[in-house]
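Colleague: output the structure for:
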Amino acid sequence: MTIYIFFLIALALLFDFLNGFHDAANSIATVVSTRVLSPRYAVLWAAFFNFVAFLFFGLHVAGTIGNGIIDVSIMDNTVILATLTGACAWNVITWYLGLPTSSSHALIGGLIGAALMKVGTQALVLDGIIKTVIFIFVSPVVGFVLGLVFGTAVYWIFRRRHPAKVDKIFRKGQLISAAFYSLGHGGNDAQKTMGIIAGLLFSNGLMQVAEGQRFQDAIPLWVVLACHSAIALGTMFGGWRIVKTMGQRVVKLRPVDGFCAELGAAFNLFVITSYFGIPVSTTHTITGAIMGVGTLRRFTAVRWGVAGQIVWSWILTIPLSALIAAITYSIVT
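Modeller: Numbers count the residues shown, from 1 in each chain. Reported below is the predicted structural model:
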């Protein structure tokens, strides 16, 4: 490997770290805002399950990112540099603004912007892009519905219990739901960086895909372990600006609310990641679930103005990260 390839791998792992740092709020916002765990222990809890997620999930999402968004044959070092620059820049901007946007979609936007500048529209794999764009809207809606369903079921089952007893039960229950959600987060998000590194290795002749072999099955184990380590480390450092937005500004959560939201979001991630291989946004999923649980208490419990700002940031993520990547590609070339 050349020094430049090492640099690009390091940049990809930096993006993975920022992904964990940026999306730590998604993993721990509910468990911190309900005061079930202190921030220090919450990030350690989430980081552990981020790391071990590779033991439970296949690499379907990595395959989608690696060769399902742009034509892998046009992927080169400059395309990857521009992609990662666009994604990292957008993550830093939205972290500073305290907006829980999707690191996944920032990466996809970066790929699209760089590919358009190099080749044009023929470089895009429209099937993968269309599925991803559709799920920008589907995943929060599914999260909302699942949060509503789990919340309704739990509220009905415990309707005759004293609120103090319910609170005590779900303080323990939230440890389980947070673990499940962190598994889904690690299993879904770390794979996106795997796809980028695998594309880099493939384009430089450092990874071989045998005839009939799926792209994701050729990804080396060291890439899997490195990506899960980077996202876990990022989660350990945490992004406290976004924790405040997710855990308090959208809707004020209780332990039972946090349990239902995390369980609904985790279920959503497990199904979409495991069976469809779609790079869905963990941010969209948990935000939708939190809103769904919040509406059970009363419709006005959700601060819809804040929710609207978040949705707009979701819509702008792919085009703006694509723009940054396109500008980067133009400057470099």
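
Colleague: contacts, neighbours, all on C-alpha from now
Modeller: Will do.

Colleague: what about the helices in the chain?
Modeller: Under the criterion DSSP state H, helices of the chain are mapped to 3-33, 39-52, 60-67, 77-97, 103-118, 126-157, 163-203, 221-237, 240-244, 255-271, 282-297, 304-332.

Colleague: elements contacting the second one?
Modeller: In this structure, helix 39-52 makes packing contacts with helix 3-33, helix 163-203, helix 221-237, judged by 3 or more CA pairs under 8 Å, 6 or more residues apart in numbering; DSSP states H and E.

Colleague: what about the spatially closest residue to Val31 that is not a sequence neighbour, neighbour count?
Modeller: Excluding the flanking residues, the one nearest Val31 by CA to CA, 6 or more residues apart in numbering is Leu37, at 6.1 Å. A count of nearby residues for Leu37, using other CA atoms under 10 Å, gives 18.

Colleague: ok, the one 4 residues further on next?
Modeller: A count of nearby residues for Tyr41, using other CA under 10 Å, gives 14.

Colleague: kindly report the same for the one 3 residues further on.
Modeller: Burial of Leu44 is recorded as 18 neighbouring residues (other CA under 10 Å).

Colleague: one step back: is it possible to get TSV of the helices and strands packed on helix 39-52 that adds mean neighbour count and mean pLDDT?
Modeller: Shown next, in TSV, are these (neighbours: other CA atoms under 10 Å; pLDDT from 0 to 100):
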stretch	mean neighbour count	mean pLDDT
helix 3-33	24	81
helix 163-203	23	84
helix 221-237	22	87
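
Colleague: any chance of TSV for these, columns distance to Phe137?
Modeller: Shown next, in TSV, are the helices and strands packed on helix 39-52 (distance: least, CA to CA, whole Å):
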stretch	distance to Phe137
helix 3-33	18
helix 163-203	17
helix 221-237	25
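
Colleague: for Leu44, find the nearest of those helices.
Modeller: Nearest to Leu44 among those is helix 221-237 (5.8 Å), distances taken as CA to CA.

Colleague: any idea which of the helices of the chain gets closest to Gln213?
Modeller: Here helix 60-67 is closest among the helices of the chain (CA to CA), at 11.4 Å.

Colleague: next one: phi and psi at the residue nearest to Val31?
Modeller: Main-chain dihedrals, Leu37, degrees, to the nearest 10: phi -130, psi 150.

Colleague: how close does it sit to Leu44?
Modeller: Distance of Leu37 to Leu44, computed by CA to CA, to the nearest Å: 10 Å.

Colleague: how about Cys260?
Modeller: 21 Å.

Colleague: which helix or strand in this protein has the lowest average pLDDT?
Modeller: Scoring the helices and strands of the chain by mean pLDDT, DSSP states H and E places helix 240-244 at the bottom, with a mean of 52.

Colleague: which non-adjacent residue is nearest the residue nearest the centre of the chain?
Modeller: Centroid-nearest residue in the chain: Thr282, 4.0 Å away (criterion: CA atoms, centre = their mean). Sequence neighbours aside, His185 is the residue nearest to Thr282 in space, at 6.2 Å (criterion: CA to CA, 6+ apart).

Colleague: isn't that neighbour up against Phe51?
Modeller: No. With contact defined as CA atoms under 8 Å, His185 does not count as touching Phe51 (9.9 Å).

Colleague: surely the residue nearest to the centre of the chain meets Phe267?
Modeller: No. Counting by CA under 8 Å, Thr282 stays clear of Phe267, with 11.4 Å between them.
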